[in-house]
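Participant: I need the structure of the sequence given here:
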Amino acid sequence: QVQLAESGGDSVQDGGSLRLSCAASGSTASYYCVAWFRQAPGKGRERVARIYPVRGKTDYADSVRGRFTISVDNAKNTLYLQMNSLEPEDTAKYYCAAKLCWKGWYDIWGQGTQVTVSS
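Facilitator: Numbers count the residues shown, from 1 in each chain. Purely as a prediction, here's the structure:
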């Protein structure tokens, strides 16, 4: 079983940048499909970006495409989310999530890290 731990959340100004990290431990993390989600107060959880482990294919929510980049360092078992041109609407708690790729849902979650963007 994989365990996930996020870090890197902070408070930044509109237009700023942050890089979130998600350290994975436990089973061979490279066999898992991984993603970043976020949840703002009073809103549902939104998948922000995901990456497939073998070919490294990525995809993004429309709201972040072109500003956020998901990547993985398999040697370090760490998932990243580089966030540029941050907007107040990006304020949320960010979670990394993992699943065995054949599953239809993400069933392994970190505890989350808070990102706050002020105007």
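Participant: switch to C-alpha atoms for all contacts and neighbour counts from now on
Facilitator: Fine.
Participant: Please enumerate residues in contact with stretch 7-22?
Facilitator: Applying C-alpha atoms under 8 Å, 6 or more residues apart in numbering, the contact partners of stretch 7-22 are 4-6, 78-88, 94, 96, 110, 112-119.
Participant: Report the buried members of those residues.
Facilitator: 4-6, 78-81, 83-84, 86-87, 94, 96, 110, 112-118 (16 or more other C-alpha atoms under 10 Å).
Participant: Please, where are all the strands along this protein?
Facilitator: Using DSSP state E, the strands found in the chain span residues 2-7, 11-13, 18-26, 32-39, 46-51, 58-60, 68-73, 78-83, 92-100, 108-109, 113-118.
Participant: Which neighbours in the sheet does the fourth one have, and how are they oriented?
Facilitator: In this case it means strand 32-39. strand 46-51 (antiparallel), strand 92-100 (antiparallel) (DSSP bridges).
Participant: mind listing what's buried in it?
Facilitator: Going by neighbour count (16+ other C-alpha under 10 Å), the buried part of strand 32-39 is 32-39.
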